[in-house]
Structures are given as structure tokens and as C-alpha cells.
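Q: Need coordinates for the below:
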Amino acid sequence: MGYFAAASVTTATATASPGAEVIASANVAYNVKEFGCTLNAAGTTHTIGMGRAAAAGITPTTPITAINENNADTTAGNTQTAVAWGTAPTAPSTFLRRVAFPATIGAGAIWTPPRGWFSLKGTGVANNNLVYWIITGTSAAANYYFVVEE
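A: Purely as a prediction, here's the structure:
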């Protein structure tokens, strides 16, 4: 098992929509050890949450694959992230974390779940992929990253 990470930027996102999804691979499960995000612009006040998508996104557009944090280890990552899809993931029924952001550039959050957030292996599995969700308000574009153990 190794530690892998990926970072990207969301687009401005309206209420009740996904900002980003952490996607499990067909053959390897993941365990999110850390997730962080910061706003790139002032935007408006809004609330975000992290939870398991009720339905995974379908046909992610230009997904990014996590890379190994250990430069001496050439093992390739399996977990991916996406900010756009043919069909977007759907809202979690319950959130693991929530935070309200002021309309301030640089506002952010870092979540480090004590034992991590586990996924099952398999693509398109309901309640499996984690989704960064805009609960209320409109989010400005945000930088985000995650660290997973695979």
C-alpha cells in the first residue's frame, strides 16, 4: 500500500451541485487520509460538504489520476478525480463533513478523518465515491486536493 495524491481546481458551482468527485478504480479501493480546499475568488457565502455520492458520476471529463507521494516508488496510482462529467454524481444523503465559507478569497478547510474515508473497489458503485458538494450558495472556483492510501 502506498500514499497517492492529486490536486485540481473546481469551476464556479451553483447550489446543490458537485464541485469534485474522488473516483474509485475498478480493481483498487482507496482510503482518503486528507482532503483540503481553498477558494480562488471571493464569490458568495456558501456551505460545502463531503459525502458519498448517492450515484457516481458517469463519463468523467478529463479525470486526473493520483500520483505516488514517494518519488522513489514508481507504483502508479489508481484513484482519480474529476470536476465535470457526462452525468454528474448525485447528492449524498448524509454528509461526513460540512463547512460554511465566507465570501473571502483564500477561505478553506482541511479534513483529516481519524481512520480515513474508505471506498470499495469498482466503478459506478452507489454510495462509494466521495463528492465535494455545494450545499447552499454559489461557490467560486476552488483549489482542492486529496491524499489517499491504496
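Q: first to last residue in stretch 88-103, what's the distance?
A: Using Cα to Cα, to the nearest Å, one end of stretch 88-103 lies 25 Å from the other.
Q: I'd assumed residue 19 was in contact with residue 91.
A: No: counting by Cβ atoms under 8 Å, residue 91 stays clear of residue 19, with 11.9 Å between them. (Each C-beta comes from the backbone N, C-alpha and C, glycine too.)
Q: surely residue 105 meets residue 42?
A: Yes: applying Cβ under 8 Å as the test, residue 105 and residue 42 come out as touching, 5.2 Å apart.
Q: list residues touching both of these two?
A: Here residue 105 and residue 42 share the contacting residues residue 140, scored by Cβ atoms under 8 Å, 6 or more residues apart in numbering.
Q: re earlier: neighbour count for residue 91 and residue 19, which is higher?
A: residue 19 (22 against 18; other Cβ atoms under 10 Å).
Q: Show me the strands in this structure, by range?
A: Counting by DSSP state E, one finds strands in the chain at the ranges 3-9, 17-23, 31-39, 46-52, 58-60, 64-65, 67-68, 80-82, 85-87, 95-101, 108-111, 117-118, 130-136, 142-149.
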